[in-house]
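**Student:** This is the structure alone, sequence omitted:
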Ligand SMILES: *Cc1c(COP(=O)(O)O)cnc(C)c1O
């Protein structure tokens with residue numbers, strides 16, 4: 001475990017870790033912290049932000065400040081019964097909240113954690129999915145098998161069912177209206193959970209309000225579609241989920257007295273909230289009959305008022321990420337007035353019979369952020385009429401979550417990096433360590449610890465899969481599980497390349513296997529063994545994505561045989577934050593091969609950069625900013641200009657041949673620099689350059705500071721000073 005997590009020696013006893021208010025009793029913070037954060041979120045004038053996201057990913061097995069504190073203080077039980085319950089739960093309770101599908105949710109979680117660390121008054125809103133996101137099993141023949149995820153919010157640390165202050169025996173509920181075709185109201189009801197993202201010093205927190213519609217007082221069809229994140233069995237299920245998120249925002253604020261002045265839409269999923277703001281404003285101006293009386297101009301004026309409250313982050317140029325819904329479907333769910341507003345604000349030029357919710361979000365906001373510099377160019381091309389308000393805030397990752405324990409200990413040991421936990425900008429000093437032979441050698445040792453951890457995990461998994469083969473009908477996904485002569489097939493000293501992300505066609509997971517003969521030639525000719533480690537899920541409705549998983553599985557045997565056993569391909573099922581952290585820190589290089597410019601940002605490469613692991617990537621997303629002329633890794637692939645033509649995802653435009661050929665020209669150089677380490681060891685230079693050049697930039701503290709400049713908040717002098725310092729490091733929107 002990492003030491004020195006806190007700059008001050010511990011001075012808290014378990015009693016300071018518990019606090020109550022009218023909503024419930026919470027663990028991990030003091031009463032003073034609870035009261036002051038709650039006050040900041042409810043001041044009448046409004047001085048906070050509500051962050052609205054379809055998913056939030058923040059598993060405790062990768063970041064757990066309260067558990068760390070309990071261990072540090074050596075608290076295992078206390079005499080107080082209530083305290084004991086919490087101590088037990090936090091030390092031994094489940095570590096997963098499967099309320100995320102991938103990058104978008106993890107970014108949301110990382111962002112909220114940084115807001116907590118920086119003491120920015122923010123409250124998150126999302127749904128609580130009783131069946132989470134699907135769990136992935138993998139069979140070598142069938143490919144991905146998806147099953148429901150079992151978890152229980154009732155026994156999950158840092159998650160609390162809120163009490164109704166009027167009747168504390170009952171949970172706090174909100175009601176949101178749906179409308180049938182005759183505009184009769186059908187109510188959906190949710191009980192409210194609160195999840196806390198507590199700062200690493202336990203002196204601040206960001207609450208997330210999670211809406212649980214799986215309660216008996218909601219209609220069956222609402223309960224059904226609110227169980228699983230991104231349930232898209234039908235357009236209707238999808239549209240209802242979106243509505244549940246967006247239409248809940250105002251009722252949550254009213255019920256809890258939250259006074260956020262700015263609403264931040266993390267992707268357009270919750271954009272329905274703008275219709276509520278429009279309706280509220282028109283009602284105030286025109287009166288209770290506003291639905292009938294409002295003219296088109298009234299609605300447009302109201303939209304301009306609503307826009308002043310909204311900050312919108314757009315996350316992808318890919319069509320599947322943009323929400324469109326048939327007009328008839330919306331007529332079935334919303335009031336006639338909704339359709340009138342959508343006719344004005346959500347026109348879809350390409351599909352006139354649909355509403356385009358991405359367009360609605362683009363239209364009604366005061367600023368739109370794209371998630372990298374290149375993505376800003378792409379977004380301006382896609383939405384030229386909104387060009388003037390599109391800016392860039394390049395994504396980051398929460399450094400305290402993603403830096404491995406071994407690397408964290410190493411960083412703690414060098415005074416050049418002092419205070420890196422509070423202030424990731426100090427990583428710029430790592431350039432002074434470039435010539436330190438002590439640092440270089442400790443760095444290699446820490447890296448080896450991380451690689452061994454990953455390789456151990458894989459070797460154990462391969463054995464388990466082999467046993468499973470005899471006990472279940474699942475055929476192990478990896479060819480190596482079928483070779484039973486060697487019990488520990490992978491070696492941590494072998495060059496290990498990692499690739500893990502959502503499987504969708506433009507990410508081209510199978511790109512580097514486009515010509516197995518060339519690839520194995522490189523490996524065999526030089527006698528350079530390679531471990532290829534893969535992981536990732538494809539959405540259950542994404543058939544092409546699942547086909548790519550099957551293709552990866554099929555390659556294992558051929559690759560092994562053609563390389564005389566030098567190339568080993570491993571697929572790790574069930575990609576989640578824990579596996580991600582092991583992979584990004586344990587591999588020797590991180591591969592990213594999307595078709596430029598379709599990867600808006602990408603974040604897993606940033607996680608590896610924070611661990612000093614170089615990237616090998618096409619010039620897409622964040623890598624355009626993180627590549628630093630090759631100091632931090634390698635590039636390959638076609639560097640097209642941003643034209644509408646290159647936004648296509650159709651198979652014939654994915655440039656497999658061209659970009660894989662480019663990969664085959666750089667790959668031998670990478671292997672050579674890994675295996676032929678001489679006295680000046682170019683490989684470690686790249687690692688240290690990642691610490692010096694990329695760590696200060698690609699973290700969510702810097703990103704959050706850039707967002708604060710869009711939020712219009714009054715902050716204390718101490719907080720402002722810290723934010724200003726972070727803002728000076730980097731301006732994404734230059
Ligand atoms: C970081 C992360 C992602 C997103 O990675 P990208 O590179 O942005 O695709 C997805 N899933 C998990 C579990 C992650 O940790």
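**Tutor:** Here it is on my side, so go on. Treat the numbers as computed from the prediction; the structure is a model and nothing was measured.

**Student:** Could you tell me how many residues sit around residue 405?
**Tutor:** Residue 405 sits with 16 neighbouring residues when counted by other C-beta atoms under 10 Å. Bear in mind the C-beta positions are built from the backbone N, C-alpha and C, glycine included.

**Student:** just the helices in the stretch 151-300 of the chain please.
**Tutor:** For the stretch 151-300 of the chain, applying DSSP state H, counting those that start in this stretch gives helices covering 220-225, 235-246, 249-256, 273-286, 290-293, 296-307.

**Student:** out of these, deepest packed?
**Tutor:** helix 235-246 (a mean of 21; mean count of other C-beta atoms under 10 Å).

**Student:** Give me the helices and strands touching it, please.
**Tutor:** strand 122-127, strand 173-179, helix 220-225, helix 273-286, strand 324-326, helix 327-333 (3 or more C-beta pairs under 8 Å, 6 or more residues apart in numbering; DSSP states H and E).

**Student:** how about those, which one is nearest the ligand?
**Tutor:** Of all the helices and strands packed on helix 235-246, strand 122-127 sits nearest to the ligand, with 16.5 Å by C-beta to the nearest ligand atom.

**Student:** and the residue nearest to the spatial centre of the chain, what does it touch?
**Tutor:** Nearest to the mean C-alpha position of the chain, counting by C-alpha atoms, centre = their mean, stands residue 106 at 2.0 Å. Listed by C-beta atoms under 8 Å, 6 or more residues apart in numbering, the contact partners of residue 106 are 57-58, 100, 397, 577, 603.

**Student:** right, and residue 644 touches residue 383 too?
**Tutor:** No. Contact status for residue 644 versus residue 383: not in contact, 11.6 Å apart, counting by C-beta atoms under 8 Å.

**Student:** and those two? which has more neighbours close in?
**Tutor:** Legend: neighbour count by other C-beta under 10 Å for residue 644 and residue 383, higher for residue 383 (17 against 9).

**Student:** Check what pLDDT the more buried one gets.
**Tutor:** Predicted confidence (pLDDT) for residue 383: 93.

**Student:** what about residue 384, neighbour count?
**Tutor:** Look at residue 384: counted by other C-beta under 10 Å, it has 9 neighbours.

**Student:** hang on, the earlier thing: can I get the helices and strands packed on helix 235-246 in TSV including distance to the ligand?
**Tutor:** Output for the helices and strands packed on helix 235-246, formatted as TSV (distance: least, C-beta to the nearest ligand atom, whole Å):
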stretch	distance to the ligand
strand 122-127	17
strand 173-179	30
helix 220-225	23
helix 273-286	26
strand 324-326	23
helix 327-333	30
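
**Student:** Of the ones you listed, which is nearest residue 194?
**Tutor:** Ranking the helices and strands packed on helix 235-246 by their distance to residue 194 (criterion: C-beta to C-beta) puts strand 122-127 first, at 9.5 Å.

**Student:** what's near enough to touch residue 276?
**Tutor:** Taking C-beta under 8 Å, 6+ apart as the test, what residue 276 contacts is 246-247, 249-250.

**Student:** Closest one of those to residue 368?
**Tutor:** Nearest to residue 368 among the contacts of residue 276, with distances taken as C-beta to C-beta, is residue 246, at 17.3 Å.

**Student:** Ramachandran coordinates for the nearest residue to that closest one once chain neighbours are set aside?
**Tutor:** In this structure, residue 246 finds its nearest non-sequential neighbour in residue 272, 2.8 Å apart by C-beta to C-beta, 6 or more residues apart in numbering. Phi and psi for residue 272, reported as degrees, to the nearest 10, are phi -50, psi -20.
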